[in-house]
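[1] My questions concern the predicted model and sequence given below.
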Amino acid sequence: MLNCKQVTHIVATGEIEELSWPRRLEMRFHLMMCKHCREYTTQILALGRGARRLFGFADDPVILERLENEIMAHGGRDHPR
């Protein structure tokens with residue numbers, strides 16, 4: 001059985017589509033039982049859809065890599081505290 005840490009890692013890294021069917025079943029079962037992971041998953045997927053619409057690109061690997069590098073370079077420095 002997957003735990004919350006494993007589920008959030010899978011969701012955050014976008015590995016949901018790559019899961020084997022038994023692991024995907026474990027994921028679905030966990031999400032049925034865990035309100036927090038279910039809400040987190042819903043929010044992350046919505047953010048991804050919104051970002052794709054906002055920036056107008058459809059999974060272009062070059063743009064995605066550039067965006068990821070930019071996010072990693074900032075490291076949250078500009079985040080208001």
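    Yes, it's here.

[2] can we go C-alpha only for contacts and neighbour counts from here?
    Fine.

[3] all helices of the protein, in order?
    4-13, 21-33, 35-55, 61-74 (DSSP state H).

[4] possible to save those helices as JSON lines with mean pLDDT and mean neighbour count?
    Converted to JSON lines, the helices of the chain look like this (pLDDT from 0 to 100; neighbours: other CA atoms under 10 Å):
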{"stretch": "helix 4-13", "mean pLDDT": "93", "mean neighbour count": "14"}
{"stretch": "helix 21-33", "mean pLDDT": "96", "mean neighbour count": "15"}
{"stretch": "helix 35-55", "mean pLDDT": "86", "mean neighbour count": "13"}
{"stretch": "helix 61-74", "mean pLDDT": "73", "mean neighbour count": "11"}
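
[5] Distance of residue 18 relative to residue 72?
    Note on residue 18: its distance to residue 72, by CA to CA, to the nearest Å, is 24 Å.

[6] With residue 12 instead?
    14 Å.

[7] which residues touch residue 19?
    Not one residue lies near residue 19 by CA atoms under 8 Å, 6 or more residues apart in numbering.

[8] Provide the backbone phi and psi angles at it.
    Backbone torsions for residue 19, taken as degrees, to the nearest 10, come to phi -70, psi 150.
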